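> My questions are about this predicted structure, shown below with the sequence.
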Amino acid sequence: MLRVVYEATTDIAPGRLVQIQETRGRVSVKLRQGVTADEYIPQLNAALKDFVSQCSWFQIWRGKIISANSPDSPLTVQYEADSNVDRKQAVQIREHRGVVRLHICPDLTSEELALAVNKPIELFLAGGQWFQLWQGEIVTMEEPGSTAA
């Protein structure tokens, strides 16, 4: 089962606001507690760009496999502060052929983002268009322990 889990914490190296770690079926994103969107969005986007360029996650878009190396539309994940997204909604996820944009309320602290974003990402991944290649194993949204062909 694929999971992307955000957490606000103080357990991050000094000077960093974001830390991303990949394991089998899971990406853990740590955000420094007490940080505003203006502060964490640039570092989050830079960390995601670096992560996606090295990770083993892929999207299936209209029968084609999209990766970070896809020439037409490389896999990209970006956060954008969006004044049209209110605090109640907090997060909107939009995708198009390898480009995933998370529009967030610009007033969200790192703690509020971590609380708000996990469920929408879970639902987004449940769409079944994503997989991870982990040490030769294809990991999908199927039940834990199951793999694709």
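On my side now, so go ahead.
> List the residues that contact Ser70.
Gly98 (CB atoms under 8 Å, 6 or more residues apart in numbering). The C-beta positions use only the backbone N, C-alpha and C, and glycine is treated the same way.
> Just to be sure, it is in a helix?
No. Using DSSP: H, G, I helix; E, B strand; the rest coil, the assignment for Ser70 is coil, not a helix.
> Val52 versus that one, what's the distance?
11 Å (CB to CB, to the nearest Å).
> now swap in Val77 and tell me
Taking CB to CB, one finds Val77 at 6 Å from Val52.
> Neighbour count: the two, which is higher?
The residue with more neighbours, out of Val77 and Val52, is Val77; 22 against 19, by other CB atoms under 10 Å.
> Confirm that Ser28 sits in a strand.
Yes. Ser28 sits within a strand when classified using three-state DSSP.
> Quick check: the closest residue to it other than its chain neighbours vs Trp134, distance?
Closest residue to Ser28 apart from its sequence neighbours, by CB to CB, 6 or more residues apart in numbering: Gln21 at 4.8 Å. Per CB to CB, Gln21 is found 13 Å from Trp134.
> again, but for Pro14
30 Å.
> the more surrounded of those two?
Using other CB under 10 Å, the more surrounded residue of Pro14 and Trp134 is Trp134, with 16 against 5.
> which residues does that one bridge with?
Trp134 has these beta-bridge partners by DSSP bridges: Glu137.
> Make residue 1 into 7 and carry on from there
Sure, I'll start counting at 7 from here, so that last one is Trp140.
> which residue ranges form the helices in the chain?
In the chain, the helices defined using DSSP state H lie at 43-60, 116-131.
> need the contact list for Ile66.
Ile72, Gln135, Trp136, Phe137.
> Now neighbour count, pLDDT and distance to Ala43 too, for those, in CSV please.
Below are the contacts of Ile66 laid out as CSV (neighbours: other CB atoms under 10 Å; pLDDT from 0 to 100; distance: CB to CB, whole Å):
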residue, neighbour count, pLDDT, distance to Ala43
Ile72, 22, 94, 27
Gln135, 15, 91, 27
Trp136, 20, 93, 25
Phe137, 22, 94, 30
